[in-house]
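*Asks:* Make a model of this:
(2 chains, ligands or ions: 2)
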Amino acid sequence: MSTAAAAVPSTPAADDAKRPGRAKMEVRALSAAFGSNQVVRAIDLDIEARRVLAIIGPSGCGKSTFVRCLNRMHEITLGATVTGQVLLDGEDLYGRGVDPVLLRRRVGMVFQKPNPFPTMSIKENVLAGLRLTGTLGGTDAARVVESALTSAALWDEVKDRLDAPGGSLSGGQQQRLCIARALAVEPEVLLMDEPCSALDPIATARIEDLIHVLRERYTIVIVTHNMQQAARASDTTAFFLHGELVECSPTERLFTHPRDRRTEDYITGKFG
Amino acid sequence: MSARREAWFTTLCVVALGLPLLLLLVLFGQVLVDSLPRLSWDFLSSFPSRRAENAGVLPGLVGSALLCLGTAAIALPVGVGAAIFLEEYGGNRRMARVIELNVANLAGVPSILYGILGLALFVRTLGLGRSVISGAATLALLVLPVVIVAAREALRAVPHGLREASLALGATRWQTIRRVVLPSAAPGIFTGAILAVSRALGETAPLVVIGAVAYVTYLPDSPRAAFTALPIQIFSWISRPQASFAHNAAAGIVVLLALLLVLNAAVIVLRDRAQRRAAR
Ligand SMILES: Nc1ncnc2c1ncn2[C@@H]1O[C@H](COP(=O)(O)OP(=O)(O)OP(=O)(O)O)[C@@H](O)[C@H]1O
Ligand SMILES: [Mg+2]
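*Replies:* Ligands and ions are numbered 1, 2, ... in the order given. Have a look, this model is predicted:
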């Protein structure tokens, strides 16, 4: 495996795999635990390329744990274990010889709480992924910064103060900075764990618009508590309950004609 | 009723604060007055002498400054490294706990024991002799627990989210520590350095044990050279019977305090610079 910058070879097969709608990631019998506490149970799920998958479910049902298994962040917690497979372009992330560090450059992540690096400026935050890993090399830093911030719909607001500290932005701007930081590494998949839960409705709407645009180029998985958000922003929605995948359907169908009784109860607000 | 109690308590606090402060002021005033006849540029730039009025503090001053720098240069990397190991890599919980317990206990060991350890280890076994480097290494052992505890506190205060953010960008653990965690923890680590330097500067007993000499008529020209330190110089002057040497001792104390202030101020400047970066 190479760094994200070295992109996918353009053999017909690879192009095919990148077509929207094809499975970018395939989750097979994935289970995850903290010590003896099993929190994700035998999940099977396809994540389609250049589509948005929303994950909904009550608090504590294992949504965060599940997405953290998709870029091997789960295992950094002491005592956390994973079994099963996650295929990225057909290759198992948990296979032998896969370096989680390199993998995380292909599957980026945005967290619930905006967490820009406080010791770095806006510009340095965007470049952090490349600087930290020493892959900035000859690439034109200014161009990377501009394109990542533009992609994150933040460029116009910060272009005159790129050297200001990252923490000096508003919460919503900080979250978009974190998105820009994740995009600068040029991942193929972007995992977002409740990216809007700390934001007001206007900032939330901006991020949702952004997701619409990013969908053209990235495969996106977004965890959300907000069912309207899932309905607005996603193509496919997966409903989790007690660590199990209850239902995964095209978003419109899941919200209008849920197959499972428990899904219906949840989306109509009978519990959760 | 409660207002009166409040007033009482406030008074009590003021007295509790004021009394030691007053005592300190009186002491310092006394020393300052005693030192006046001797305090001069000559005192700073001369070597010791049998005649009190010619004696100076230069070797002690240089020795103490070198000891402090050497101590910090040894104790900071080792202490911060140990703290990083315990906080960031402490995967093996049992071992981490054992080390932790030891560090906590080491902080309470009388300093003279460190002197004996230094004598056996650095002076004799490693053959470094009764030298500046032996002294600095011994003092470094002495202040190590302070540095480790301060550095661990600082590392622990760095939000977990920052580490995760860095790892999620594809940074390795070490890259994360080096570029994200340490810069955020720097102010706290410098606080540890201040405590360490202050403690090292005032220590006398371990230096006596490892063989600092009171009467040195040259400056240390290599890490292996014999040395003296301000507290030792002061001690030797105080134990002289002649009254005139008491003035020298007082002046030495003033110089020691000034050196302490200068070194601490230097570390505080470094810390504030790091803090401004960390707070951005
Ligand atoms: N670091 C941890 N150590 C031990 N158990 C944990 C840890 N993190 C989460 N858990 C447990 O795993 C279960 C699933 O947690 P997870 O964070 O995946 O839920 P979630 O669906 O993301 O919830 P929320 O919507 O509140 O974010 C919970 O029962 C929680 O108690
Ligand atoms: Mg969660």
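
*Asks:* Now do A:Trp155 against A:Asp209, distance only.
*Replies:* Here the criterion is Cβ to Cβ, to the nearest Å. By it, A:Trp155 lies 14 Å from A:Asp209. For every residue, glycine as well, the C-beta is placed using N, CA and C.

*Asks:* Compare those two (neighbour count), which wins?
*Replies:* Ranked by neighbour count (other Cβ atoms under 10 Å in any protein chain shown), A:Trp155 and A:Asp209 place A:Trp155 first, with 17 against 13.

*Asks:* The more buried one contacts A:Arg161, doesn't it?
*Replies:* No. At 11.7 Å, A:Trp155 does not count as touching A:Arg161 under the criterion of Cβ atoms under 8 Å.

*Asks:* List the backbone torsions phi and psi for whichever residue of the stretch 51-200 of chain B sits closest to ligand 1.
*Replies:* Closest residue of the stretch 51-200 of chain B to ligand 1, Cβ to the nearest ligand atom: B:His160 (9.8 Å). Note on B:His160: its backbone torsions stand at phi -60, psi -30 [degrees, to the nearest 10].

*Asks:* Spell out which parts of the stretch 51-200 of chain A neighbour chain B.
*Replies:* With the criterion set to Cβ under 8 Å from any Cβ of the partner chain, the stretch 51-200 of chain A comes near chain B through A:71, A:73, A:76, A:78, A:101-105, A:108-109, A:111, A:113, A:115, A:117-121, A:128-129, A:131-134, A:165-168, A:178, A:181-182, A:185.

*Asks:* ok, back up a step: for the residue of the stretch 51-200 of chain B closest to ligand 1, report the pLDDT, please.
*Replies:* B:His160 is assigned 91 on the pLDDT scale.

*Asks:* element containing the closest residue in space to B:Ala73 that isn't next to it in sequence?
*Replies:* Of all residues not flanking B:Ala73 in the chain, B:Ala136 sits nearest, at 7.6 Å (Cβ to Cβ, 6 or more residues apart in numbering or on different chains). Following DSSP states H and E, one finds B:Ala136 within helix B:132-156.

*Asks:* tell me the mean pLDDT for that helix?
*Replies:* In this model, helix B:132-156 has a mean pLDDT of 91.

*Asks:* List the buried residues for that helix?
*Replies:* Residues of helix B:132-156 classed as buried: B:132-155 (neighbour count, 16 or more other Cβ atoms under 10 Å in any protein chain shown).

*Asks:* do the same with stretch B:159-172
*Replies:* For stretch B:159-172, the neighbour count (16+ other Cβ under 10 Å) marks B:162-172 as buried.

*Asks:* Any chance of those in CSV with secondary structure and distance to A:Val39 as columns?
*Replies:* Output for the buried residues of stretch B:159-172, formatted as CSV (DSSP: H, G, I helix; E, B strand; the rest coil; distance: Cβ to Cβ, whole Å):
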residue, secondary structure, distance to A:Val39
B:Leu162, helix, 24
B:Arg163, helix, 21
B:Glu164, helix, 18
B:Ala165, helix, 22
B:Ser166, helix, 24
B:Leu167, helix, 20
B:Ala168, helix, 20
B:Leu169, coil, 25
B:Gly170, coil, 25
B:Ala171, coil, 26
B:Thr172, coil, 27
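
*Asks:* Which members of these additionally contact chain A?
*Replies:* B:162, B:164-172.

*Asks:* how near is the residue of the stretch 51-200 of chain B closest to ligand 1 to chain A?
*Replies:* B:His160 sits 9 Å away from chain A, going by Cβ to the nearest Cβ, to the nearest Å.

*Asks:* still on that earlier bit, when you check the residues of the stretch 51-200 of chain A next to chain B against the strands, which ones overlap?
*Replies:* Counting by DSSP state E, these place A:108-109 in strands.

*Asks:* Narrow the residues of the stretch 51-200 of chain A next to chain B to just the buried residues.
*Replies:* The neighbour count (16+ other Cβ under 10 Å) marks A:71, A:73, A:101, A:103-105, A:108-109, A:111, A:113, A:115, A:117-121, A:128-129, A:131-133, A:165-167, A:178, A:181-182, A:185 as buried among those.

*Asks:* Once you drop chain neighbours, what's closest to B:Ile74?
*Replies:* Excluding its sequence neighbours, the residue lying closest to B:Ile74 (Cβ to Cβ, 6+ apart) is B:Ala140, at 3.8 Å.

*Asks:* In terms of pLDDT, where does the residue in chain A positioned nearest to chain B sit?
*Replies:* In chain A, no residue comes nearer to chain B than A:Pro165, which is 3.1 Å away by Cβ to the nearest Cβ. We have a pLDDT of 89 for A:Pro165.

*Asks:* Would you mind confirming that it makes contact with A:Pro118?
*Replies:* Yes. Contact between A:Pro165 and A:Pro118 holds when scored by Cβ under 8 Å: they sit 7.1 Å apart.

*Asks:* Work out for me the element the residue nearest the centre of chain A sits within.
*Replies:* In chain A, the C-alpha closest to the average C-alpha coordinate belongs to A:Leu191, at a distance of 0.7 Å (Cα atoms, centre = their mean). Element membership for A:Leu191 (DSSP H and E) is strand A:189-193.

*Asks:* Is that strand positioned near ligand 1?
*Replies:* No. Using Cβ under 6 Å from any ligand atom, strand A:189-193 stays clear of ligand 1, with a minimum separation of 7.2 Å.

*Asks:* Give me the contacts around that strand.
*Replies:* A:24-25, A:47, A:63-64, A:67-68, A:70-71, A:88, A:106-112, A:179, A:182-183, A:211, A:214, A:218-223 (Cβ atoms under 8 Å, 6 or more residues apart in numbering or on different chains).
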